[in-house]
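*Asks:* Provide a 3D model corresponding to the input given below.
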Amino acid sequence: MSDDAGGSGEFHRIATYFAPLARGADASLGLTDDAALLSVPAGMELAVTADTLVESVHFIGDEPADELAQKCLRVNLSDLAAMGAQPYGYFLSLSLPNRIDDAWVAAFCQGLGRDQADFDWHLLGGDSTSTPGPISIAVTAMGLVEKGRALRRSGAKPGDAVFVSGTIGDGFLGLLAVQGQLPYGPEADAVRRRYNVPDPRISLGRSLAGVAHSAMDVSDGLVADLTHICAASGVGADIDARAVPVSSAAAELLAGAPDLFPDILTGGDDYELLVTGPEEAVLSAAASSGTRLTRIGAIRSGAGVSVLDGDGQVLQFVKTGFRHG
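*Replies:* Residues are numbered from 1 along each chain as shown. Just a heads-up that it's a prediction; the model follows:
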């Protein structure tokens, strides 16, 4: 993990807070060299993904530092889950303004350490620098998957069932909660927690590798992400809006604000897995993961995604999901 800032403070932080996170990972070389050395086991492929989170764009800025660290790792872990990969290790590049002190860095690293233990992977390297701008956190994550078994977006086929893991909508509602747009209470706190610390479906992805026809994680929004699968696969899809699962907290909040329902289908930040494939085989494989899968629709020939209400009428949306600038 290099130091572009050139100050002894950054070297102190690397040695004190980040080097311990690399212990146990031989590839990291103890963060004392210019690069890591990786070996991919025979018969495996290396899945690599990267995300950058910028203050005031991807996070508010006043979140607890440990939860922010976990979110930075978990949005990448969700990408690995969507490929059916087992987490291997990650690189972290931090650009921090001078207002960030060692207490913040220590709490941030505590969050990293918790998720390293929970998901059995390690910090392998990265970069640390100062900036006059907002906090910027870039993670490059790597996972291992058996050759030829990686889940892709491009394999959906007409006749496939469409499934989603867990529940949808807590990400969008959680964003409203952290912005202070929901009434204070246990439901708002529950969705805020889901927004700040999503649950990557690693075990589910591993169980579906080589079984499901296509998969991706729900980051931009359920409708938008299923549209991505359909575009990559050259197919269309129909969703039953009534079948989309929501958490008890979301259901309680929606009962008081039913107009928000279209937004939970398009809001994103759920980091659940969207999966297509033969129903019996997918459900059988998923059972071993202990993660709930709900059938919400089907793949058809054609193009585009139609969301149907209880009367079979197609719902119209102002937007289908988050768009990257």
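*Asks:* Pull up the distance across stretch 234-246, start to finish.
*Replies:* Start-to-end span of stretch 234-246 (Cα to Cα, to the nearest Å) is 29 Å.
*Asks:* And for stretch 153-164?
*Replies:* Stretch 153-164 has its terminal residues 14 Å apart, counting by Cα to Cα.
*Asks:* which residues sit in contact with the residue most central in space within the chain?
*Replies:* For the chain, residue 75 is the residue whose C-alpha lies nearest the centre (Cα atoms, centre = their mean; 2.9 Å). Residue 75 makes contacts with 51, 53, 139, 198, 219, 271, as judged by Cβ atoms under 8 Å, 6 or more residues apart in numbering. C-betas here are computed from N, CA, C, even on glycine.
*Asks:* domain ranges for this structure?
*Replies:* Domain assignment for the chain by automatic domain parsing gives 2-146, 161-308.
*Asks:* out of the ones you listed, nearest to residue 152?
*Replies:* Residue 152 lies closest, by Cβ to Cβ, to one member of the domains of the chain: domain 161-308, at 6.1 Å.
*Asks:* ok, back up a step: closest one of the contacts of residue 75 to residue 248?
*Replies:* residue 198 (17.4 Å).
*Asks:* dump the residue contacts of that closest one.
*Replies:* 71, 74-75, 78, 171, 269-271.
*Asks:* got a list of what residue 270 touches?
*Replies:* Residue 270 is in contact with 166-172, 198, 218-219, 222, counting by Cβ under 8 Å, 6+ apart.
*Asks:* Spell out the secondary structure type for it.
*Replies:* Put simply, residue 270 is coil when judged by DSSP: H, G, I helix; E, B strand; the rest coil.
*Asks:* What values do phi and psi take at it?
*Replies:* Dihedral pair for residue 270: phi -90, psi -30, per degrees, to the nearest 10.
*Asks:* likewise residue 308?
*Replies:* The phi/psi pair for residue 308 (degrees, to the nearest 10) is phi -110, psi 140.
*Asks:* That one pairs with what?
*Replies:* residue 240, residue 314 (DSSP bridges).
*Asks:* Now do the same for it: its pLDDT.
*Replies:* Listed pLDDT for residue 308 reads 94.
*Asks:* likewise residue 148?
*Replies:* 95.
*Asks:* now do residue 322
*Replies:* Predicted confidence (pLDDT) for residue 322: 45.
*Asks:* Can you give me the buried ones in stretch 101-116?
*Replies:* Using 16 or more other Cβ atoms under 10 Å as the test for burial, stretch 101-116 gives 104-105, 107-109, 111-113, 115-116.
*Asks:* Stretch 56-76 too?
*Replies:* Within stretch 56-76, the residues scored as buried using 16+ other Cβ under 10 Å are 58-59, 63, 65-76.
*Asks:* now the host helix or strand of residue 129: mean pLDDT?
*Replies:* According to DSSP states H and E, residue 129 maps onto strand 122-130. What strand 122-130 shows for mean pLDDT is 93.
*Asks:* ok, that strand: who's next to it in the sheet?
*Replies:* strand 2-3 (parallel), strand 86-96 (parallel).
*Asks:* okay, those, which one's buried deepest?
*Replies:* Burial of those is given as mean neighbour count (mean count of other Cβ atoms under 10 Å); strand 86-96 ranks first at a mean of 23.
*Asks:* gap between that strand and the chain center?
*Replies:* Strand 86-96 sits 14 Å away from the centroid of its parent chain (Cα atoms, centre = their mean, to the nearest Å).
*Asks:* Now it: average pLDDT?
*Replies:* Averaging pLDDT along strand 86-96 yields 97.
*Asks:* any idea of the angle the helix or strand that comes right after it forms with strand 122-130?
*Replies:* With elements assigned by DSSP H and E, the helix or strand that comes after strand 86-96 is helix 102-119. If you take axes from the mean of the first three to the mean of the last three Cα atoms, to 10 degrees, helix 102-119 sits at 160 degrees to strand 122-130.
*Asks:* Contacts for helix 102-119 next, please.
*Replies:* The contact list for helix 102-119 (Cβ under 8 Å, 6+ apart) reads 13, 16-18, 20-21, 64-70, 73-74, 77, 87, 92, 96, 122-123, 200, 202.
*Asks:* Next step: those residues restricted to helices.
*Replies:* Among these, DSSP state H puts 13, 65-70, 73-74, 77, 202 in helices.
*Asks:* Could you pull out the strands in this structure for me?
*Replies:* Assigned by DSSP state E, the chain shows strands spanning 2-3, 44-54, 86-96, 122-130, 136-146, 161-165, 214-217, 236-240, 273-277, 293-300, 304-308.
*Asks:* For residue 30, find the nearest of the ones you listed.
*Replies:* strand 122-130 (10.1 Å).
*Asks:* Show me what stretch 150-160 is in contact with.
*Replies:* Against stretch 150-160 from outside (Cβ under 8 Å, 6+ apart): 45, 47, 82-85, 205, 208-209, 212-216, 228-230, 232-233, 235, 237, 276-278, 298-301.
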